[in-house]
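Visitor: Coordinates for the following, if possible.
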Amino acid sequence: MFREKDLDGRTKLLTLETTRLDAATANALKDRVLPLAESGQDGLVIDLKPVEFIDSSGLGVLVGMLKKLGTRGRIVICNLQPNVANTFKLSRMDRVFTIRPSVDDAFASLER
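Guide: Residues are numbered from 1 along each chain as shown. Predicted coordinates:
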């Protein structure tokens, strides 16, 4: 479902390997990411490059991750396909999340 990579000891990169982030796949992401947030991870880059469709379940998991990190961490989302970017815009989630065009840009935006 996804690959995980440590970027700098404080930031993880999660690259989704599915074309859909919906009710059928969102829980697997939630089950992996929420423990990361609880373990003190303070930066998370989520690469959605292969994702062609996201629904409210997928968005809900991302919002839940953001809430779990609270003020001590950040999530940056990158590589949105046009349909997914449109969903973020229509739901106004583009105002909630930091969205960057690439992994490198996302990681750079987290640098302290």
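
Visitor: Next, count neighbours for the residue nearest to Ser56 when sequence neighbours are not counted.
Guide: Nearest residue to Ser56 in three dimensions, chain neighbours excluded: Ser91, at 7.9 Å (Cβ to Cβ, 6 or more residues apart in numbering). In this view, the C-beta of every residue, glycine as well, is placed from N, C-alpha and C. Per other Cβ atoms under 10 Å, the neighbour tally for Ser91 reads 14.

Visitor: distance of Ser91 from Val63?
Guide: Separation of Ser91 from Val63 (Cβ to Cβ, to the nearest Å) stands at 10 Å.

Visitor: Next, the distance between the ends of stretch 90-107.
Guide: For stretch 90-107, the first-to-last residue distance is 25 Å (Cα to Cα, to the nearest Å).

Visitor: Identify the residues contacting that stretch?
Guide: 7, 11, 13, 45, 47, 56, 59, 62-63, 66, 74-80, 85, 87-88, 109 (Cβ atoms under 8 Å, 6 or more residues apart in numbering).

Visitor: among these, which ones are buried?
Guide: 11, 13, 45, 47, 59, 62-63, 66, 74-80, 85, 87-88 (16 or more other Cβ atoms under 10 Å).
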